[in-house]
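Engineer: generate coordinates for the sequence data below:
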Amino acid sequence: MIYVLTIYTLVAIINLPPLIKNGQKRELFAFIAFFIVAFVLSLLYAMDIEIPSPMEGLKYLIEDFMGLKYPEPK
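Structural biologist: Below you'll find the predicted structure:
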């Protein structure tokens, strides 16, 4: 887990100052959003916590919420 923290700290130290210095607010927001999601997922994986599959959410959205079903193979 210490490796995950070290790597993400180095990535933030290298990439954040130029974005802040140049005033690139949209790029900074996008970087931080993706950075946080990737950091949390990496930390959960390093702590051996099971991460649910995004396909289950898509399956719920398509089949249950939208009412669309794929035809059964014959």
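Engineer: who are the packing partners of the strand or helix carrying Val37?
Structural biologist: Assessed by DSSP states H and E, Val37 sits inside helix 25-46. In terms of contacts (3 or more C-beta pairs under 8 Å, 6 or more residues apart in numbering; DSSP states H and E), helix 25-46 is packed against helix 2-21. Yep, even glycine has a C-beta here, placed from its N, CA and C like the rest.
Engineer: now the helix it packs on: buried residues?
Structural biologist: 8, 19 (16 or more other C-beta atoms under 10 Å).
Engineer: just how off-centre is that helix within its chain?
Structural biologist: 16 Å (C-alpha atoms, centre = their mean, to the nearest Å).
Engineer: next, the angle helix 25-46 makes with that helix.
Structural biologist: 180 degrees (axes from the mean of the first three to the mean of the last three C-alpha atoms, to 10 degrees).
Engineer: return the set of buried residues in the helix holding Val37.
Structural biologist: Result for helix 25-46 [16+ other C-beta under 10 Å]: buried residues 28, 31, 39, 42.
Engineer: give me the most central residue, the protein.
Structural biologist: Among the residues of the chain, the one closest to the centroid is Val37, at 3.4 Å (C-alpha atoms, centre = their mean).
Engineer: so that residue versus Lys74, what's the distance?
Structural biologist: 41 Å (C-beta to C-beta, to the nearest Å).
Engineer: one more: Ala12?
Structural biologist: Counting by C-beta to C-beta - Ala12 and Lys74 are separated by 53 Å.
Engineer: repeat that for Glu50.
Structural biologist: Note on Glu50: its distance to Lys74, by C-beta to C-beta, is 35 Å.
Engineer: compare the two and say which is more crowded by neighbours.
Structural biologist: More crowded of Glu50 and Lys74, by other C-beta atoms under 10 Å: Glu50, with 7 against 3.
Engineer: in which helix or strand would I find that one?
Structural biologist: Going by DSSP H and E, Glu50 is not in any helix or strand.
Engineer: can you pull the pLDDT of Ile51?
Structural biologist: pLDDT recorded at Ile51 is 88.
Engineer: isn't it right up against Val40?
Structural biologist: No: in terms of C-beta atoms under 8 Å, Ile51 does not count as a neighbour of Val40; the distance is 9.6 Å.
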